[in-house]
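Visitor: sequence and predicted structure below; questions after.
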Amino acid sequence: MISCDCRNHSTVLRSYIPAALAAFLISIPVRAQETEIFYLDNGDRVTGKLMEFESGEVRVKARSMGFVFISWEDITQLVE
């Protein structure tokens with residue numbers, strides 16, 4: 001007969017959450033190495049590396065323009 005103590009499963013699951021969060025945060029700098037194309041609602045496009053997303057704004061490092069801040073609302077399409 002197999003018995004299961006469900007309280008232990010809850011504890012084990014909670015111990016994986018910090019590890020999963022840490023793995024996600026570590027992967028962010030790797031993501032910043034990629035180049036994306038940001039299509040804007042006014043017809044412009046910006047090509048560069050996604051550096052940061054905070055408070056509804058993205059910070060992009062574009063080779064020709066340096067750092068550019070774009071409101072998330074102005075982005076119509078994002079292509080990796």
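Guide: Sure, I can see it. Residues are numbered from 1 along each chain as shown.
Visitor: helix or strand right after the longest strand seen in the chain?
Guide: Using DSSP state E, we find that the single longest strand of the chain is strand 45-54. On the C-terminal side of strand 45-54, the closest following helix or strand by DSSP states H and E is strand 57-62.
Visitor: what angle do that next one and strand 45-54 make?
Guide: 130 degrees (axes from the mean of the first three to the mean of the last three CA atoms, to 10 degrees).
Visitor: I'd like to know which elements strand 57-62 is packed against.
Guide: strand 36-40, strand 45-54, strand 66-71 (3 or more CB pairs under 8 Å, 6 or more residues apart in numbering; DSSP states H and E). No exception for glycine: its C-beta is placed from N, CA and C like everyone else's.
Visitor: so for that strand, mean pLDDT?
Guide: On average, the pLDDT along strand 57-62 is 92.
Visitor: buried set for it?
Guide: Of all the residues in strand 57-62, those buried under the rule 16 or more other CB atoms under 10 Å are 58, 59, 60.
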